[in-house]
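> Provide a 3D model corresponding to the input given below.
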Amino acid sequence: MAKQCIKARVTGKVQGVFFRKSTQARALQLGLSGYAKNLADGSVEVLACGKKSDLEELVAFLREGPPASDVSDVQVNPAAVTDTEGFDTL
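Numbering: from 1, shown residues only. Model prediction:
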């Protein structure tokens with residue numbers, strides 16, 4: 001199946017609650033590559049690449065977040081396919 005990439009912006013209480021680390025762990029379980037990084041406005045940006053079904057599972061995770069988070073919105077857009085390896089927290 002063809003590799004796809006998405007870029008998501010997650011808002012709410014998503015910084016200082018292990019959101020990036022939890023996203024990294026879930027993405028690696030799903031075999032996805034990309035990154036999760038904090039943005040200056042308090043949101044988290046996630047770039048993820050892999051199979052469509054795995055990306056859909058990650059988006060479902062992003063909507064819930066880890067227990068200490070409080071996600072208010074997740075905006076997901078297609079992104080250009082990249083040759084990223086691994087999943088980083090920036």
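> from Lys51, how far out is Leu62?
Per C-beta to C-beta, to the nearest Å, Leu62 is found 17 Å from Lys51. Quick note: C-beta positions are derived from backbone N, CA and C, even for glycine.
> OK, contacts around the most centrally placed residue in the chain?
Centroid-nearest residue in the chain, with C-alpha atoms, centre = their mean: Val46, separated by 3.7 Å. Taking C-beta atoms under 8 Å, 6 or more residues apart in numbering, we find Val46 in contact with 6-10, 23, 34-36, 58, 62.
> from those, pick the one nearest Thr89.
Distance ranking of the contacts of Val46 against Thr89, using C-beta to C-beta, places Ala36 first at 5.4 Å.
> over to that closest one. Which of the three states is it?
strand (DSSP: H, G, I helix; E, B strand; the rest coil).
> who has more neighbours, Leu62 and Lys51?
Neighbours were counted for Leu62 and for Lys51 using other C-beta atoms under 10 Å; Leu62 has more, 26 against 15.
> test my guess that that one contacts Ser69.
No. Look at Leu62 against Ser69 with C-beta atoms under 8 Å: they stay out of range, at 9.7 Å.
> show me how to select, in PyMOL, the buried members of the contacts of Val46.
Listed next is the PyMOL selection for buried residues among those, using 16 or more other C-beta atoms under 10 Å:
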select buried, resi 6+8+9+10+23+34+35+36+58+62
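> restricted to strands, list the contacts of Val46.
Under the assignment DSSP state E, those contribute 6-10, 34-36 to strands.
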